[in-house]
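Visitor: Take a look and give me a structure for this.
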Amino acid sequence: MGKKLHYREDGTFTIVQFTDLHWQNGEPGDILTRLLMERVLEKTSPDLVIFTGDVIYSDNCTDPRQSFREAVSEVEFRGIPWAAVFGNHDTEHGITREELMDVQLEHEYCVSEAGPEELKGTGNFKLLIQDSGTGKPHHALYLLDSGSYSEIPNLEGYAWIGRDQIDWYTAQSTALKAANDGQPLPSLAFFHIPLPEYEEVWRKELCYGSKFEGVASAPINSGMFTAMVEMGDVVGTFCGHDHVNDYRGDLHGISLCYGRASGYQTYGREGFPRGARVIKLHKGAREFTTEIQLDDGTVIHEPQPHYPQGME
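Guide: Numbering: from 1, shown residues only. Below you'll find the predicted structure:
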């Protein structure tokens, strides 16, 4: 059933999303990234940290394993539960996803799981957030490996969440619904590469935040978003990958959210500070609230997501 987490006494649960650290070998840019994480963690005191891919830039890492340990060390040192999904740059050189997952699992406060071996990718798993008294889960978090690059001949571009991963998600969602008196269990999903619907929501709906580059999704649509709409449980998705996009928009009852790029060892944009996305869940509610914390301490508040009538 996955590792479980607990709400606070006030019924809230706070998640910090760091994305695209691109940690290398402890260069000055990496130190700036660490300072950003320190500031955000001090200000938010989260219950969980999720790294949504490209934690390291393996091409430039002398020792990818040690670079990953350094990248997550600030969170681990503070004793905060954390998990990570992989991006396209984590395992390009010198290390495999399986080996890097082993590095994750050596940490005391890591709540990641390698996931089913038969599925595409490494690190497809779910986390449950439960009431500390009754043990009843009120939210689920799905973490998915969105892959690196297409492996199909003559089809160039980024990879996508595969059919077997989608089938796994729908089976998990169905089981949780059955255990929740036939009601979908409100859920969030985290992965690195944005779904094609991130472009659609920008074109069709009211969005909050910035879009300074194209949506670098896969060249085909594998149907993950459709599955989430059909299952009726996922109310928000969170990705990284595109460093100068941080917008959020609602499409068919799901809030599609970019994180705010956190790493200084990679490209950015003048006047677009690094930061992190903060997500707050409330026990018993489908809705969540979210904001962006910038490196300088500025907080970008966003209107609370809204859902079509009957979905509350």
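Visitor: The residue lying farthest from the centre of the chain: what secondary structure?
Guide: Residue farthest from the centre of the chain, counting by C-alpha atoms, centre = their mean, is residue 154 at 29.5 Å. Assigned by DSSP: H, G, I helix; E, B strand; the rest coil, the conformation of residue 154 is coil.
Visitor: Next, the contact list for residue 149, please.
Guide: 88, 157-159 (C-beta atoms under 8 Å, 6 or more residues apart in numbering). C-beta here means a position set from N, CA and C on the backbone, and glycine is covered the same way.
Visitor: hmm, I was thinking of residue 53
Guide: Residue 53 makes contact with 19-20, 84-88, 90, 146, 191-193, 239-241 under the criterion C-beta under 8 Å, 6+ apart.
Visitor: so of those, which ones are in helices?
Guide: Taking DSSP state H as the definition of helices, those contribute nothing to them.
Visitor: Out of those, the closest to residue 98 would be?
Guide: Within these, proximity to residue 98 (C-beta to C-beta) peaks at residue 86, which comes in at 10.5 Å.
Visitor: Can you pull the phi/psi pair for that closest one?
Guide: Dihedral angles phi and psi of residue 86 (degrees, to the nearest 10) take the values phi -90, psi 150.
Visitor: pLDDT value on it, please?
Guide: Confidence at residue 86, expressed as pLDDT, is 98.
Visitor: Report the contact partners of it.
Guide: 53, 55, 97, 100, 121-123, 145, 192.
Visitor: Now with 7 Å, please.
Guide: With contact taken as C-beta atoms under 7 Å, 6 or more residues apart in numbering, residue 86 is in contact with 53, 97, 100, 122-123, 145, 192.
Visitor: Also residue 213?
Guide: Residue 213 sits in contact with 242, 244-245, where contact means C-beta under 7 Å, 6+ apart.
Visitor: Next: residue 156.
Guide: With contacts defined as C-beta under 7 Å, 6+ apart, residue 156 is in contact with residue 150.
Visitor: where's it relative to residue 214, distance?
Guide: Distance of residue 156 to residue 214, given as C-beta to C-beta, to the nearest Å: 15 Å.
Visitor: With residue 173 instead?
Guide: Here the criterion is C-beta to C-beta. By it, residue 173 lies 31 Å from residue 214.
Visitor: Neighbour count: these two, which is higher?
Guide: Neighbour comparison, residue 173 and residue 214: the larger count goes to residue 173, with 23 against 9 (by other C-beta atoms under 10 Å).
Visitor: Let's see if you can find the most crowded of the contacts of residue 86.
Guide: Each of those was scored for neighbours by other C-beta under 10 Å, and residue 192 scores highest at 30 neighbours.
Visitor: Retrieve the pLDDT associated with the closest residue to it other than its chain neighbours.
Guide: Setting aside the residues directly before and after it, residue 192 is nearest to residue 53 in space (C-beta to C-beta, 6 or more residues apart in numbering), at 2.9 Å. The per-residue pLDDT reported for residue 53 equals 97.
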